[in-house]
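1. With the sequence up front, the predicted model follows.
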Amino acid sequence: MVENSRHPPITIDLNQFRLHIDLKNRIKLILDFKSPSRKFYLSLIAFIVNEMKRLGKIASIPLEGHYDLLALLNETIGESAGSSEKERLLPRIYRKWQRALPNLEEAPLFKVMGRKKEFEEGIGKTYPFTETEKDLWANLFEYRGSEENVRLRFSIDKLGAGLDDVIIIYEGYQNAEAWERFISSLRQKDEEKPETVELIPKESGAPVASPRKEKITILKQWQWVAFTVVIIVAGLTIWKSYFFTPPGRVASVEKMAFPLPDKPSIAVLPFVNMTDDPRQEIFCDGLSEEIITTLSKIPKLFVIARNSTFTYKGKPFKVQQVAEELGVQFVLEGSVRK
């Protein structure tokens, strides 16, 4: 948890949904993104920054592999202001990054705190900024490709800043931990929606409980299983990290796509349904998600987000490959049987 209140010159505040930029003698802004559609786009900026920090460099981030996460953002804080269908969501993000977000003068996706819009002939109300200020802001929003194949870059280097000059904050946490907790909170809210799980048996002639009661029963079932698994995993992780040094690593550190965090790290893969009942798929996914959510609350443990681990669902893989691609020390996999 963050102990001091002093922040780098660029702060993405996911508590207040504000972006603070204070680069002396260049540009100073406080931008407010408080309506649902605006919150979505500040979260998008935070996502791009978090991915660049994971890579350790200011780079273009492809959206293609992150559709589930973007849909989650759109359906929770974005309140489904636009369609979450892939063929519509990704092109919409591309257009907003290309045209709306760089527009500091009209500011269609945010409010500029401390300034008032003024009438400009032939345009309407706009914020008064110098050409230099408008250019500096617009240069942040670089992109490559288009529509569904777009890659986005939040080019803070164009302001003379580096990755250490930008911070993401949420509930007293910073950067990767702040982002993971932010996403976990959204998943919890999304999972609490009663319409998300359909558990009414299709067979006729048999009495069935109400959908709400059945949902609560199964949620409790996988939560108890998840709680037990989490205790075991946390215990093993702490023991291996602090009391045991293995002679060799499962994965090659040199081949890892991202540098290892400075604390124990784990990826929880989607549990495999080994029963003959396809309806147990919901239970398997719920169990995996519950373990991820619970483990993410352990301060000294870095947990990979669901959207990253669930890309392996239904695909052949090696544990070593997963560890190298996600940059973690530990990989948890499992199955559900009757």
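-> Sure thing, it's come through.
2. What is the neighbour count of K318?
-> Counted with other C-beta atoms under 10 Å, the neighbours of K318 add up to 11. Glycine gets a C-beta too; all of them are placed from N, C-alpha and C.
3. Can we start the residue count at 52 from this point?
-> Okay, residue one is now 52; in that scheme the one you just asked about reads as K369.
4. Might you report the residue contacts of it?
-> By C-beta atoms under 8 Å, 6 or more residues apart in numbering, the contact set of K369 is empty.
5. can you check D336 too?
-> 321-322, 361.
6. Apply 7 Å and report the result again.
-> Applying C-beta atoms under 7 Å, 6 or more residues apart in numbering to D336 gives the contacts P321.
7. Could I get the phi/psi values of it?
-> phi -60, psi -40 (degrees, to the nearest 10).
8. what's the answer for the one 3 residues further on, then?
-> For S339, the backbone dihedrals (degrees, to the nearest 10) come out as phi -60, psi -50.
9. is it true that it touches P321?
-> Yes - with contact defined as C-beta atoms under 7 Å, S339 reaches P321; the gap is 4.8 Å.
10. Between these two, point out the one with more neighbours.
-> S339 (26 against 21).
11. Quick check: the more buried one vs K209, distance?
-> The gap separating S339 from K209 is 40 Å, by C-beta to C-beta, to the nearest Å.
12. L65 now?
-> With distances taken as C-beta to C-beta, L65 is found 23 Å from K209.
13. Would you mind telling me which of the two has the busier surroundings?
-> A direct count of neighbours by other C-beta under 10 Å for L65 and K209 places L65 higher, at 23 against 17.
14. If you tally nearby residues, what's the number for the nearest residue in space to K209 that is not next to it in sequence?
-> Nearest non-adjacent residue to K209, counting by C-beta to C-beta, 6 or more residues apart in numbering: N190, 4.1 Å away. For N190, the tally of surrounding residues (other C-beta under 10 Å) stands at 14.
15. just checking, N190 touches S206?
-> Yes - the pair N190 / S206 is scored as a contact, 6.1 Å apart, by C-beta under 7 Å.
16. so what pLDDT did the residue nearest to E199 when sequence neighbours are not counted get?
-> Distance criterion C-beta to C-beta, 6+ apart; nearest residue to E199, sequence neighbours excluded, is L141 at 4.5 Å. We have a pLDDT of 90 for L141.
17. so who does L141 touch?
-> Taking C-beta under 7 Å, 6+ apart as the contact definition, L141 lies against 114, 198-199, 201.
18. Which SSE is immediately downstream of the helix or strand hosting it?
-> Assigned by DSSP states H and E, L141 falls within helix 137-146. Note on helix 137-146: by DSSP H and E, the next helix or strand toward the C-terminus is strand 162-163.
19. tell me what that next one is packed against?
-> With contacts defined as 3 or more C-beta pairs under 7 Å, 6 or more residues apart in numbering; DSSP states H and E, strand 162-163 has these neighbours: strand 78-83.
20. Would you mind listing the outside residues contacting the strand it packs on?
-> With contact meaning C-beta under 7 Å, 6+ apart, strand 78-83 is reached by 69-73, 161-165, 184, 187-188, 210.
21. Please apply the same query to stretch 152-172.
-> Contacts of stretch 152-172 (C-beta under 7 Å, 6+ apart): 80-84, 89, 92, 147, 151, 176-180, 184-185, 188-189, 192.
22. Run through the stretch 102-251 of the chain and note the low-pLDDT ranges.
-> 171-175, 243-251 (pLDDT under 70).
23. Which parts of it are strands?
-> Assigned by DSSP state E, counting those that start in this stretch, the stretch 102-251 of the chain shows strands spanning 112-113, 162-163, 169-171, 175-177, 192-195, 202-205, 217-221, 224-225.
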